[in-house]
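# build me a model:
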Amino acid sequence: MGKGRFGVLLCAEDSDYVRKRYGGIFGVFLGMLTEEGETWDVFRVFSGELPEDDDLADYDGFVITGSCRDAHGNDPCISDLCFLLKRLHALRKRVLGVCFGHQVLCRALGGKTGRAAGGWDIGVTSVKILPSASLPAHGIPSSISVIECHRDEILELPPAAEVLAWSDKTKVEMFKLGDHILGIQGHPEYNKDILLHLIDRLLHRNLIDVSHADKVKEKLDKDEPHREAWKRLCRSFLKGGL
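Now for the predicted structure:
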């Protein structure tokens, strides 16, 4: 039974559909990560909400969500988030970054991010765990599938950070720094229903074309993400370490 206190640094913009069906992205993360007895708070980063510095000691860990914004952008809220992440790193607080969160965590700690040379990666991607990562000891297979939806990636890791996993399209699918920082490029919290809804949103915004969307949707019928394995990994990291 969990007894910790955790914060979600919400960087996503909830659609009406995800809000009504899943309680928003915050609700999606709660469904993956929470255990009885824990306290989970949400901070809407792009509404100017961040935890107060005096309150950080009360938290056992934080999660940074995905976002439609670029981690390499110059939005003042991103700068404020990077400052907070540096502070959390100095305090050795556990921080899990997902997609945008993975990228902005890298940037905040001294790495570089930008547009992926291969363009969008959307769908279910097979991620290869490096033998040095020792993750199979935690019940994680050496090849594990995850839902992806990104067109940015890590270009250069922060000093002392270690690559844990890669894929055919993305060289840094997962990284860690010490035992308290973990970044995951994919979306372990997503199911295929959420991804299909997101694909339609990307189409509506003219960010992908119809042929691309149709190919992704067709392939989704054949592929399944390893959601339970990812859930174990994320919970293990936040509540005890890798």
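# tell me what the spatially most central residue of the chain is bridged to.
Centroid-nearest residue in the chain: residue 98, 0.7 Å away (criterion: Cα atoms, centre = their mean). Following DSSP bridges, residue 98 is listed with bridge partners residue 184.
# ok, it - contacts?
63, 64, 65, 66, 183, 184, 186, 187, 188, 189 (Cβ atoms under 8 Å, 6 or more residues apart in numbering). Where C-beta positions appear, they are placed from N, C-alpha and C, glycine not excepted.
# change it to 10 Å
11-12, 25, 29, 63-67, 105, 182-190, 234 (Cβ atoms under 10 Å, 6 or more residues apart in numbering).
# likewise for residue 41?
5, 6, 7, 8, 9, 26, 49, 51, 55, 58, 59, 62.
# 7 Å instead?
Residue 41 makes contacts with residue 7, as judged by Cβ atoms under 7 Å, 6 or more residues apart in numbering.
# am I right that it is in a strand?
Yes - assessed by DSSP: H, G, I helix; E, B strand; the rest coil, residue 41 belongs to a strand.
# pLDDT value on it, please?
With respect to pLDDT, residue 41 scores 98.
# of the contacts of residue 98, which belong to strands?
Among the contacts of residue 98, the members falling in strands (DSSP state E) are 63, 64, 182, 183, 184.
# hang on, the earlier thing: if I look at the residue nearest to the centre of the chain, how far off is residue 217?
23 Å (Cβ to Cβ, to the nearest Å).
# show me what contacts residue 86?
The neighbours of residue 86, taking Cβ under 7 Å, 6+ apart as the test, are residue 108.
# and what about the closest residue in space to residue 80 that isn't next to it in sequence, helix, strand or coil?
Leaving aside its sequence neighbours, residue 80 sits nearest to residue 50 (Cβ to Cβ, 6 or more residues apart in numbering; 6.2 Å). Put simply, residue 50 is coil when judged by three-state DSSP.
# same check on residue 199?
Counting by three-state DSSP, the backbone at residue 199 sits in helix.
# distance of it from residue 160?
37 Å.
# what does residue 28 give?
Distance from residue 28 to residue 160, by Cβ to Cβ: 31 Å.
# need phi/psi at the residue lying farthest from the centre of the chain.
Centroid-distance maximum for the chain: residue 211 at 26.8 Å, with Cα atoms, centre = their mean. When read as degrees, to the nearest 10, the backbone of residue 211 gives phi -60, psi -40.
# so what's it up against?
Residue 211 neighbours (Cβ under 7 Å, 6+ apart): none.
# could you check the pLDDT of it?
Looking at residue 211, its pLDDT is 94.
# for the one 4 residues further on, same thing?
At residue 215, the pLDDT value in this model is 92.
# and the one 3 residues further on, by the same measure?
For residue 218, the pLDDT comes out at 91.
# element containing it?
helix 210-220 (DSSP states H and E).
# C-alpha coordinates for that helix, CSV please?
Extracted C-alpha coordinates of helix 210-220, given in CSV (Å, rounded to 0.1, in the frame of the first residue of the first chain):
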residue,chain,number,x,y,z
VAL,A,210,-4.4,11.6,-44.2
SER,A,211,-2.2,8.9,-45.8
HIS,A,212,0.1,8.9,-42.8
ALA,A,213,-2.8,8.7,-40.4
ASP,A,214,-4.4,5.8,-42.3
LYS,A,215,-1.1,3.8,-42.3
VAL,A,216,-0.7,4.3,-38.5
LYS,A,217,-4.3,3.3,-37.8
GLU,A,218,-4.0,0.2,-40.0
LYS,A,219,-0.9,-0.9,-38.2
LEU,A,220,-2.4,-0.3,-34.8
